[in-house]
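[1] Below is the sequence, then the predicted model.
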Amino acid sequence: MKIYIVDDEYAALKTIECKINDLNMRHEIIGTAFTISEAVEDIDKNVPDVLITDVIMPVGNGIELIQKLKAKYPHMIYIVMSGFSEFEYAHRAISLDVIEYLLKPVGLKELENALIKAEKVIQKKHSEYQENHTSQLIKLLNWREAFDDSSSKKLITQAKQFFENNITKKITLKMLSEHLYVSEVYLCRVFKAEHNESPINYFIGLKITHAKNIFMDSPLVSIKDVATLLGFSDQYYFSKVFKKHTGISPSAFKDNFI
């Protein structure tokens, strides 16, 4: 725990410094100051976890110092010291969430208890921060998952529509990915996640479905004409693909509807 001490009295400041070292609580005193202006300038360079400050000083007071720092460093912990039990200062200190108001001369036990309390407050704030960070991360992941899911569904719908509109053409994965402005790898991953097959295999299956519909609607149409109509390079390749998808040849399929 990093500590910064502010007191306009040299002897009082050194006494607190020595007592903190005597406690052997593994705290680090990262700096000291005799004035508010010196403390503000110093703390801006090296921010402590805990500020211990005197209240009454020649120029300004410890409460004013806390007010200045609190706006910049809301997570800093504050402990104030005073040689007087001034109700006004104590009340203002409470309003600034000062965790302890110590009367001078500060006893070793009182200082130890204040630092233990500061540690607990820091641990609590850290825990709350972690919980809030985790909660925000979960919300972000949920939002991203929902966004990705919606985006994926939209991409798949656009791919299917492109296939339907170009059923008579020979479409490659490169042509499809360029049309949709996505990478081939991403397109395949999204499409396979939804349909368990690549976009091009889906497209070929769609062509075969159209071929079957043509054969059923027009049994006398030639296999070659259907192959040409659906963008296959030749009748032999079309027949091979047709049998692979349906389990029977185009001619056998046609015989069922003549």
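    Great, that's in hand.
[2] following the helix or strand hosting K174, which helix or strand comes up?
    Using DSSP states H and E, the element containing K174 is helix 173-180. Downstream of helix 173-180, the first helix or strand assigned by DSSP H and E is helix 184-195.
[3] relative to helix 184-195, how tilted is the very next helix or strand once past that following helix?
    Downstream of helix 184-195, the first helix or strand assigned by DSSP H and E is helix 199-217. In terms of direction (axes from the mean of the first three to the mean of the last three CA atoms, to 10 degrees), helix 199-217 departs from helix 184-195 by 50 degrees.
[4] average pLDDT for helix 199-217?
    In this model, helix 199-217 carries a mean pLDDT of 94.
[5] Phi and psi next, for M81.
    Phi and psi for M81, reported as degrees, to the nearest 10, are phi -130, psi 150.
[6] correct me, but Q67 touches D97?
    No - in this structure Q67 lies outside contact range of D97 using CB atoms under 8 Å: 11.4 Å. (Glycine included, C-beta is placed from N, CA and C.)
[7] can you count the residues close to F232?
    Counted with other CB atoms under 10 Å, the neighbours of F232 add up to 21.
[8] typo on my end, it should be I138
    Neighbours of I138 using other CB under 10 Å come to 10.
[9] buried set for stretch 166-174?
    Buried residues in stretch 166-174, counted by 16 or more other CB atoms under 10 Å: I167, I171, L173.
[10] Kindly reformat the residues you listed as a markdown table containing pLDDT.
    Below are those laid out as a markdown table (pLDDT from 0 to 100):
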| residue | pLDDT |
| --- | --- |
| I167 | 94 |
| I171 | 93 |
| L173 | 95 |
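[11] Out of those, flag the one nearest to T134.
    Closest approach to T134 among these (CB to CB): L173, at 39.9 Å.
[12] ok, now how distant is the closest one from N142?
    32 Å (CB to CB, to the nearest Å).
[13] Show me the shaky parts of the stretch 51-200 of the chain.
    84-91, 94-95 (pLDDT under 70).
[14] Tell me where it has helices.
    62-72, 87-95, 108-165, 173-180, 184-195, 199-217 (DSSP state H, counting those that start in this stretch).
[15] Out of those, the one nearest I20 is which?
    Nearest to I20, of those and by CB to CB, is helix 108-165 at 7.0 Å.
[16] What is that closest one packed up against?
    The elements that helix 108-165 packs onto, with contact taken as 3 or more CB pairs under 8 Å, 6 or more residues apart in numbering; DSSP states H and E, are helix 10-23, strand 50-54, strand 77-82, strand 100-103, helix 173-180, helix 184-195, helix 199-217.
[17] Same list (the ones you listed) but as CSV, adding distance to F147.
    Listed next are the helices and strands packed on helix 108-165 as CSV, based on distance: least, CB to CB, whole Å:
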stretch, distance to F147
helix 10-23, 51
strand 50-54, 42
strand 77-82, 39
strand 100-103, 47
helix 173-180, 17
helix 184-195, 13
helix 199-217, 22
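[18] quick revisit: give me the angle between the helix holding K174 and helix 199-217.
    Angle, helix 173-180 to helix 199-217, by the same axes, to 10 degrees: 100 degrees.
[19] Go through helix 173-180 and flag the buried ones.
    L173, L176, S177, L180.
[20] what's the answer for stretch 209-220, then?
    Buried positions in stretch 209-220, judged by neighbour count with 16+ other CB under 10 Å: H210, A211, K212, F215.
[21] got it, and stretch 228-240?
    L230, F232, Q235, F238, S239.
[22] Quick one: residues contacting the closest residue to the second one other than its chain neighbours.
    Put plainly, it is F232. Excluding the flanking residues, the one nearest F232 by CB to CB, 6 or more residues apart in numbering is F238, at 4.0 Å. Taking CB atoms under 8 Å, 6 or more residues apart in numbering, we find F238 in contact with A211, I223, V226, A227, L230, F232, P250.
[23] I'd guess F238 is in a helix, am I close?
    Yes - using DSSP: H, G, I helix; E, B strand; the rest coil, the assignment for F238 is a helix.
[24] Brilliant, that's me finished.
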